[in-house]
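Chemist: sequence first, predicted coordinates after that:
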Amino acid sequence: MALTKKSVEKKVIAILAETLDRPAQGIRKDAQLVDDLGINSFTMIRVVYMVEEFFSVRVEPESIGSIRTVADIVDHIIEQSSRGT
């Protein structure tokens, strides 16, 4: 699967929409996970699990705290996939 930033962004938004039970059209790439989307720590764990499973990447626990926006998730996936981890 060729990962482009746009394809990753689209899937991440779909994962968030499914997890949060809200329309994907209302989720922007610059949305703050906590402030704009209301994600709590339990929901974040679910999102991380789904991202790891779909993209075959690892999100280290210490990295989770620096992921604050939808774009941060996308960037993390792109970075990890380019490393092959």
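Modeler: Good, I have the coordinates. Residues are numbered from 1 along each chain as shown.
Chemist: which residue packs closest to E18, ignoring adjacent ones?
Modeler: Excluding its sequence neighbours, the residue lying closest to E18 (CB to CB, 6 or more residues apart in numbering) is M50, at 8.0 Å. Any C-beta I mention is one placed from the backbone N, CA and C, and that applies to glycine too.
Chemist: so that neighbour sits in a helix?
Modeler: Yes: residue state for M50 (DSSP: H, G, I helix; E, B strand; the rest coil) corresponds to a helix.
Chemist: the residue lying closest to A24 once chain neighbours are set aside and Q80, how far apart?
Modeler: Spatial nearest neighbour of A24, excluding adjacent residues (CB to CB, 6+ apart): A17 at 3.9 Å. Distance of A17 to Q80, given as CB to CB, to the nearest Å: 22 Å.
Chemist: between these two, who's got more neighbours?
Modeler: Using other CB atoms under 10 Å, the more surrounded residue of A17 and Q80 is Q80, with 19 against 16.
Chemist: that one touches E52, doesn't it?
Modeler: No: applying CB atoms under 8 Å, one finds Q80 not in contact with E52, separated by 9.3 Å.
Chemist: give the residues shared as contacts by these two.
Modeler: R58, V59 (CB atoms under 8 Å, 6 or more residues apart in numbering).
Chemist: report pLDDT for the most centrally placed residue in the chain.
Modeler: Centroid check for the chain by CA atoms, centre = their mean gives I73 as the closest residue, at 3.9 Å. You'll see I73 listed with a pLDDT of 97.
Chemist: which of the helices or strands spans it?
Modeler: Secondary structure from DSSP states H and E places I73 in helix 70-83.
Chemist: helices or strands next to that helix in the packing?
Modeler: Other elements packing on helix 70-83 under the criterion 3 or more CB pairs under 8 Å, 6 or more residues apart in numbering; DSSP states H and E are helix 5-20, helix 41-55.
Chemist: closest one to E62 among those?
Modeler: Closest approach to E62 among those is made by helix 41-55 (12.3 Å; CB to CB).
Chemist: what element comes up after that closest one heading to the C-terminus?
Modeler: helix 61-64.
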